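Q: Predicted model follows, preceded by the sequence.
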Amino acid sequence: MGLLAKARFAVKEIIRSLDDLSSLRGATWEEAESLIPKDWIRGDMKKGEGVKFVNPAKKENKYY
């Protein structure tokens, strides 16, 4: 197999981070949820549908 044929099968590594929310574009819910620390508090949104996660150390730091 030549070099070009090998490159066709290469997989691009995607790095996802809560520090860069644009890195979550295209992520599955499971991928995004796996990044949320286990001690963060999960709750329902006050309006509309969705889930919020609150960092217990900084309650104003919310990710939706």
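A: Perfect, thanks for sending it.

Q: OK, contacts around the residue most central in space within the chain?
A: Geometric centre of the chain, nearest residue: residue 32, 2.6 Å, by CA atoms, centre = their mean. Contacts here follow CB atoms under 8 Å, 6 or more residues apart in numbering; on that basis residue 32 touches 16, 24. Backbone N, C-alpha and C define where each C-beta goes, glycine included.

Q: What average pLDDT does the strand or helix carrying it get?
A: Element membership of residue 32 [criterion: DSSP states H and E] is helix 29-35. Model confidence over helix 29-35, given as mean pLDDT, is 91.

Q: which is the next helix or strand following it?
A: strand 41-44.

Q: Just checking: what are the partner strands of that following strand?
A: Paired with strand 41-44 in the same sheet, following DSSP bridges, are strand 51-55 (antiparallel).

Q: burial of the residue lying closest to residue 17 once chain neighbours are set aside, as a residue count?
A: Excluding its sequence neighbours, the residue lying closest to residue 17 (CB to CB, 6 or more residues apart in numbering) is residue 23, at 5.2 Å. Residue 23 has 15 neighbouring residues, counting by other CB atoms under 10 Å.

Q: Nice, that's everything, thank you.
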